[in-house]
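Q: the amino acid sequence is not available; the structure is as follows:
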């Protein structure tokens, strides 16, 4: 009974926090102005994700003192706040990419040194792959990469918040099964905070999440596997599954643009979600699609963690085929 009531309380707290953030952004003219990458046409307040940060940090701060590994929990709190503060500064006054990546790199290094790093990864249908010392480098790249990927994918009304809600629900179920209390409470706070935010951000959005929220969520989803790794199961694969839509969209877009020798950091509209909006789908429809795909991956992750035989082929073959179909449709919809 306590958990549902806390969830509702945190969602309401987030809703109120976003309302306050919206009024503050409007007063201080902290607005997201349309550019080549944007799917919106009018200046919109940003920074609403700070309410999610507050909800998650408060909940995690309390939970940290009731778990055995206080050092790892406090590392998450300090590093998460650092990423959020960096994002808030960027929302108010754009920072150079060098500063952002430098701070993110230091945070990733501190996280890996304190929380540990990925020493192996289990790939469904193929088995376990030992990473050795290379796993330390992969962990750094994973944290920095997902932190930025989540930021890149915050472009359609309701999508970043909706995917956070769905992925956090997936982490709640996995953490409850594996008896990982700190991971569970972090995930519950992310889910509740994202739900409260969505009431303001669902299409048509009244306020955007901003870098303060998107980079914080990206960092959080990057380190949740590290916080849960000591409890067994393959953390990296589970974390990848729950973020698969954002990883596929941001990753493949990055690679495609790099191959074409385009400026990968310049504004653009070549993400799959942007192309789906461009061919006529509403923001709400595209966001709902990404949320459903995340829930599908969460269900497969949970089934795989229980050793269900149908899960591995659906993960390795089914999800990529589904993405190929969506990409083909987005590319050819105008000619159909």
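A: Thanks, I have the structure now. In this text the structure is predicted, and so the values were computed from the model without any measurement. Numbering: from 1, shown residues only.
Q: dump the residue contacts of residue 306.
A: By Cβ atoms under 8 Å, 6 or more residues apart in numbering, no residues touch residue 306. All C-beta atoms are positioned from the backbone trio N, CA, C, and that covers glycine.
Q: any buried residues in the helix or strand containing residue 59, and which?
A: According to DSSP states H and E, residue 59 maps onto helix 50-64. Judged by neighbour count (16 or more other Cβ atoms under 10 Å), helix 50-64 contains these buried residues: 50, 51, 52, 53, 54, 55, 56, 57, 59, 60, 63, 64.
Q: okay but residue 131 is in contact with residue 122, surely?
A: No - Residue 131 lies out of contact with residue 122 (Cβ atoms under 8 Å); the separation is 11.2 Å.
Q: am I right that residue 280 is in a helix?
A: No - judged by DSSP: H, G, I helix; E, B strand; the rest coil, residue 280 forms no part of a helix; its state is coil.
Q: which pLDDT value does the model give the nearest residue to residue 299 once chain neighbours are set aside?
A: Once flanking residues are discounted, residue 299 sits nearest to residue 170: 8.0 Å by Cβ to Cβ, 6 or more residues apart in numbering. For residue 170, the model assigns a pLDDT of 97.
Q: and residue 170, how far from residue 190?
A: Counting by Cβ to Cβ, to the nearest Å, the gap between residue 170 and residue 190 amounts to 11 Å.
Q: quick one: which of the two has more around it?
A: Neighbours per residue (other Cβ atoms under 10 Å) separate residue 170 from residue 190, with residue 190 holding more: 28 against 24.
Q: so that one, which state does it fall into?
A: With three-state DSSP as the criterion, residue 190 reads helix.
Q: that one reaches residue 217, doesn't it?
A: Yes - if you go by Cβ under 8 Å, residue 190 and residue 217 touch, sitting 7.0 Å apart.
Q: between those two, what contacts are shared?
A: With Cβ under 8 Å, 6+ apart as the test, residue 190 and residue 217 both reach 52, 164.
Q: re earlier: quick check, nearest of the buried residues of helix 50-64 to residue 209?
A: residue 52 (7.7 Å; Cβ to Cβ).
Q: check contacts around the closest residue to that closest one other than its chain neighbours.
A: Excluding the flanking residues, the one nearest residue 52 by Cβ to Cβ, 6+ apart is residue 193, at 3.8 Å. Going by Cβ under 8 Å, 6+ apart, residue 193 touches 10, 11, 14, 51, 52, 53, 54, 55, 56.
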